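Student: coords below, sequence missing:
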């Protein structure tokens, strides 16, 4: 058995203990939390870099597995699905050899904790150069199992429109570089407006991430965006679920 398959099979081999923080994705129209994104942290709440810097080609398979299990176990303990919110888990496409084989530990953790499969979102970042055929196999398999799928940092990496032409995920998270300063940028507003129209035609739900100011939020709301993630609403909360605060519009 190869190193990668062994890591997927056993979920062991990542040497650094770690935990999770959760950052809400907020429906700013209803005022409810749509999902909580699980983010790797050190066991004392240290930033993600302290964990991610220990990931290499030999242990990324085990790390990917441990992240999924840790996120599910902690989210279940915190009662995350009780109010209907989703759990959003990042995954590394290149750390998945065969989707149904590598999902075993995830399914085991969900069964053991009673976490509903249909309340999970699996998101991947398109910053990593992708094997499109392999990625499509993963996404189609996850969709068949009952998970929701999402592209993270859309517009900042390799996949983009070419991937959307072949597979339409449930969710697209618009990259923060497009959102940041959108209140002062007619060009960004125009790009986002047309992107939102495209996603609507494809029946894909948009999320805008990285929102830090009330002016950015106001513009996004004016454009019809209802799912927002960012420090303005709530920062990641270590081993707990944050309650977001939606600023009232200025008079």
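Tutor: Cool, got the structure. Predicted, not measured: the structure shown is a model, and the values here were computed from it. Numbering: from 1, shown residues only.
Student: by contact count, what packs against the longest helix along the chain?
Tutor: With DSSP state H applied, the helix covering the greatest number of residues in the chain is identified as helix 60-77. Helix 60-77 is packed against helix 3-10, strand 18-27, strand 32-42, strand 86-90, helix 104-113, with contacts defined by 3 or more CB pairs under 8 Å, 6 or more residues apart in numbering; DSSP states H and E. (C-beta placed from N, C-alpha, C; glycine too.)
Student: one more time with 6 Å, if that's ok
Tutor: Where contact means 3 or more CB pairs under 6 Å, 6 or more residues apart in numbering; DSSP states H and E, helix 60-77 is packed against helix 3-10, strand 18-27, strand 86-90, helix 104-113.
Student: let me know the angle separating that helix from strand 18-27.
Tutor: Using axes from the mean of the first three to the mean of the last three CA atoms, to 10 degrees, the inter-axis angle of helix 60-77 relative to strand 18-27 is 60 degrees.
Student: check which residues of helix 60-77 are buried.
Tutor: Judged by neighbour count using 16 or more other CB atoms under 10 Å, the buried positions of helix 60-77 are 60-76.
Student: got the angle for it vs strand 32-42?
Tutor: Here helix 60-77 points in a direction 130 degrees away from that of strand 32-42 (the same axes, to 10 degrees).
Student: how far away from the center of its chain is helix 60-77?
Tutor: Centroid separation between helix 60-77 and its chain, computed with CA atoms, centre = their mean, to the nearest Å, is 13 Å.
Student: now do stretch 43-56
Tutor: Relative to its parent chain, stretch 43-56 has a centroid offset of 17 Å by CA atoms, centre = their mean.
Student: stretch 67-84 too?
Tutor: Centre-to-centre, stretch 67-84 and its host chain are 14 Å apart (CA atoms, centre = their mean).
Student: average pLDDT for it?
Tutor: Model confidence over stretch 67-84 averages 95 on the pLDDT scale.
Student: what's in contact with it?
Tutor: Identification of contacts with stretch 67-84 by CB atoms under 6 Å, 6 or more residues apart in numbering yields 20, 36, 38, 87, 89, 105-106, 109-110, 113, 115-116, 119, 241.
Student: tell me the one of those nearest residue 166?
Tutor: Of all these, residue 166 sits closest to residue 89, with 22.6 Å by CB to CB.
Student: leaving out sequence neighbours, find the closest residue to that closest one.
Tutor: Beyond its immediate neighbours in the sequence, the residue positioned closest to residue 89 (CB to CB, 6 or more residues apart in numbering) is residue 71, lying 5.0 Å away.
Student: any idea how far residue 120 is from that neighbour?
Tutor: 9 Å (CB to CB, to the nearest Å).
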